[in-house]
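Asker: just a sequence and a predicted model for now, questions to come.
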There are 2 protein chains.
Amino acid sequence: DRFYCQPIVSILKQKPMNGHDMRKVIHSVKVGVALVLVSLLYLLGPLYKRVGENAMWAIMTVVVIFEFFAGATLSKGLNRGIGTVLGGGLGCLGAAFAQAVGGVGKAIVVGIAVFIFGAGATYTRQIPNIKKKYDYGALIFILTFNLVVVSGLRADQVLELARDRLATIVMGFAICIFISLLVFPIWAGDELHHSLISRFEDLARSLEGFSKEYFENDNHKEKKSSANFSGKCKSILHSKAKDESLVNFARWEPWHGKFGFSYPWGKYLKIGEDLRDLAIIILSLKGCHDQSSEILEASVKEACEGIIASLAWTIKELGESIKEMSKCRYEDMIMPKMKSVRIEVSAIVNPFALGTYLENSDGLGI
Amino acid sequence: DRFYCQPIVSILKQKPMNGHDMRKVIHSVKVGVALVLVSLLYLLGPLYKRVGENAMWAIMTVVVIFEFFAGATLSKGLNRGIGTVLGGGLGCLGAAFAQAVGGVGKAIVVGIAVFIFGAGATYTRQIPNIKKKYDYGALIFILTFNLVVVSGLRADQVLELARDRLATIVMGFAICIFISLLVFPIWAGDELHHSLISRFEDLARSLEGFSKEYFENDNHKEKKSSANFSGKCKSILHSKAKDESLVNFARWEPWHGKFGFSYPWGKYLKIGEDLRDLAIIILSLKGCHDQSSEILEASVKEACEGIIASLAWTIKELGESIKEMSKCRYEDMIMPKMKSVRIEVSAIVNPFALGTYLENSDGLGI
């Protein structure tokens, strides 16, 4: 098996490990271990005698359920469980009903049931709220219902079949949960928390970067591309979908680290929304690069630099307090500071307004 | 079965049908039909005699593969096919090797193979480029490899088992492709095209809406919330992930409608990126609402309204030409028009610059 190791080793050697890559390796090893454990159902004679071919369902469960984040594994596992039970139950009822009808009608009843439940559940899957949380459960419902109701025509003991399969699925689920939650767990909550904090830092750094580029550039005509700060801001703009899925997973996760039960994950969505609004504003500062008059610049330079510095400081401080999960140390300072910034800004801005905004729109409109 | 119909009918009655809902219903019915067709493998005696329990794999394939867009179904189906063939092939090799070792070593070899391939493939799934396109294929590879290599310990005819399963999977795939591509197909390409066009329209309308709100409001102190245009712009900002997945699917789709082979779908991504930049600029106009001096407004009102109108006209015209898939009718007009707009803007802007941008940042920073 040295031979097999080669590709893995070479991947590992490609670049120095950082925390992110390390987590990926840990996840991969955990999946490997879970697969070996569940394969024991086949590999060990006595176990195989008990579960038989149904061991297949345990393997399938592990492969399909085991996700990167503990919360995702839990949510997918519960979805699969509920979908299987509901689909299996209704499938048994349908099969019994078809059996009662008997004759050629049997196949017709089964066909109609398959169509109606299949189409109905598929329609349900497309409702946004259900799609977000229960999509996988609905898929499993369709699959199980279909398999059980058609098997009912052939196998005599549908109930036993369904029970055995459910038992092996539960085994697979148990192995996943055990390894996912107890061995080096990777929490979606942690990821969400850290990504929010790093966004505060990125925004503050973008503001500072802008101020530096705009005011401290000596030969002004050769403006550096502002790719640095606008790249970061744009990646913040696109964080919405990731945030939503992380919050979804984080809600499933049990107490861990600093995050208790019923931790207000929903607030992360709200803060994320505010940060995206802020990123839009910072991005719009780019317009100042494209057009600026040097006389004006000189007159407001100092004031603007001061203002930007206090804004950046405030953003950093807020991020820091979220990181520490404590009330902001300078809470009393921030509000008055912001008020004085507002007054400063009004003093500078008064004679000018509108204008620069429009200049940009046409360059990009074409 | 009237009883079963009730929920579906009530869903249909909830709101008047529009094109979007209609497509969802069509998709649901198509899935239902595909499920009934594939269930015939069980329901019809002669067919069942040929495929036996493996019919299960055909049902599973249909449930899992059938996606809303034709391109998505194709891509998932091919992924499943490739994953199954690769996983099955390597699984057979692994099983044969384990058989050759024999004795207790057999189980150990299988266990090691399961771990290495499972962990390796899981790591591969996390590489962004592979995740985007081949995630499902890798999942199926792990599943098939695992099932085949452990079954190899028990079943004597692994090769036959693998061949039969593959055959039923191909049947399921064929049914999906037939119904997905030939019966009322729902193309990801169409969706992408229309969504891009409607974004052009939304942006033009947002610009016009802004101009109306800003200049035509009589009692200026009661500013209307600009939720209307900023909502549309924000939804445009969040279109990136959807665009990428649609382009991914559209690339798989065969010639249909106005879209030939090797249609440049990649350009939709680029245009989408530009539209998002434009949306950021329009969103930043909101700052003008929050602070404005009436003297200034009066002096630039007419010029600004004119400028905004020409920008909106240009955006609409560009959207229209993409809709018609023809060269823009007014191509010769747009460039000079934009140049004259630029001159107009410079004339207004000259005395003013910077300023308003900063005003916004602090309100949101808190």
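Answerer: Received the coordinates, thanks.
Asker: quick one: the helices in the stretch 251-366 of chain A?
Answerer: Secondary structure of the stretch 251-366 of chain A (DSSP state H, counting those that start in this stretch): helices located at A:265-284, A:286-290, A:294-324, A:331-349, A:356-365.
Asker: just name the most buried of those helices.
Answerer: Between those, the one whose residues have the most neighbours on average, counting mean count of other Cβ atoms under 10 Å in any protein chain shown, is helix A:356-365 (a mean of 21). Glycine gets a C-beta too; all of them are placed from N, C-alpha and C.
Asker: and the helices of the stretch 251-366 of chain A as JSON lines, adding distance to chain B and mean pLDDT?
Answerer: Written out in JSON lines, the entries for these read as follows (distance: least, Cβ to the nearest Cβ, whole Å; pLDDT from 0 to 100):
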{"stretch": "helix A:265-284", "distance to chain B": "3", "mean pLDDT": "87"}
{"stretch": "helix A:286-290", "distance to chain B": "6", "mean pLDDT": "58"}
{"stretch": "helix A:294-324", "distance to chain B": "5", "mean pLDDT": "78"}
{"stretch": "helix A:331-349", "distance to chain B": "4", "mean pLDDT": "75"}
{"stretch": "helix A:356-365", "distance to chain B": "5", "mean pLDDT": "34"}
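Asker: can you add distance to A:Phe215 and give these back as TSV?
Answerer: Converted to TSV, the helices of the stretch 251-366 of chain A look like this (distance: least, Cβ to Cβ, whole Å):
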stretch	distance to A:Phe215
helix A:265-284	16
helix A:286-290	10
helix A:294-324	5
helix A:331-349	14
helix A:356-365	16
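Asker: residues in the stretch 101-250 of chain A within reach of chain B, list them.
Answerer: Proximity of the stretch 101-250 of chain A to chain B, by Cβ under 8 Å from any Cβ of the partner chain, involves residues A:107, A:110-120, A:122-123, A:126, A:139, A:142-143, A:146-147, A:150-151, A:153-154, A:207, A:237-238, A:240-241.
Asker: filter those down to the ones in helices?
Answerer: Here DSSP state H is the test, and those give A:107, A:110-120, A:122-123, A:139, A:142-143, A:146-147, A:150-151, A:153-154, A:207, A:237, A:240-241 as lying in helices.
Asker: can you flag the buried ones in those?
Answerer: Among those, those buried by neighbour count (16 or more other Cβ atoms under 10 Å in any protein chain shown) are A:107, A:110-120, A:122-123, A:139, A:142-143, A:146-147, A:150-151, A:153, A:207, A:237, A:240.
Asker: low pLDDT regions in chain A?
Answerer: Low-confidence segments of chain A (pLDDT under 70): A:1-20, A:154-156, A:216-229, A:286-299, A:348-366.
Asker: 50 instead, please
Answerer: Under the criterion pLDDT under 50, the flagged ranges of chain A are A:1-3, A:219-223, A:225, A:351-366.
Asker: just to revisit the earlier point, and of the helices of the stretch 251-366 of chain A, who's closest to B:Arg163?
Answerer: Nearest to B:Arg163 among those is helix A:265-284 (48.7 Å), distances taken as Cβ to Cβ.
Asker: and the direction of that closest one versus that of helix B:266-284, what angle?
Answerer: Helix A:265-284 and helix B:266-284 are oriented at 90 degrees to each other (axes from the mean of the first three to the mean of the last three Cα atoms, to 10 degrees).
Asker: which residues sit in contact with A:Phe249?
Answerer: For A:Phe249, the contact set (Cβ atoms under 8 Å, 6 or more residues apart in numbering or on different chains) comprises A:69-72, A:74-75, A:188.
Asker: helix or strand: which one has it?
Answerer: When elements are assigned from DSSP states H and E, A:Phe249 belongs to helix A:240-250.
Asker: list the buried residues in stretch A:236-246.
Answerer: A:236-240, A:243, A:245-246.
Asker: from the stretch 101-250 of chain A, which residue is nearest to chain B?
Answerer: A:Ala119 (3.3 Å; Cβ to the nearest Cβ).
Asker: from B:Ala34, how far out is that residue?
Answerer: In this structure, A:Ala119 and B:Ala34 are separated by 10 Å, where distance is defined by Cβ to Cβ, to the nearest Å.
Asker: just confirm A:Ala121 contacts A:Thr144, I think it does.
Answerer: No. Applying Cβ atoms under 8 Å, one finds A:Ala121 not in contact with A:Thr144, separated by 10.7 Å.
Asker: correct me, but the residue of the stretch 101-250 of chain A closest to chain B touches B:Val36?
Answerer: No. Using Cβ under 8 Å as the test, A:Ala119 is too far from B:Val36 to be in contact (9.7 Å).
Asker: show me the contacts for the closest residue to the residue of the stretch 101-250 of chain A closest to chain B other than its chain neighbours.
Answerer: With Cβ to Cβ, 6 or more residues apart in numbering or on different chains as the criterion, A:Ala119 has its nearest non-adjacent residue at 3.3 Å, and that residue is B:Gly32. Residues in contact with B:Gly32 (Cβ under 8 Å, 6+ apart) are A:114-116, A:118-119, A:122.
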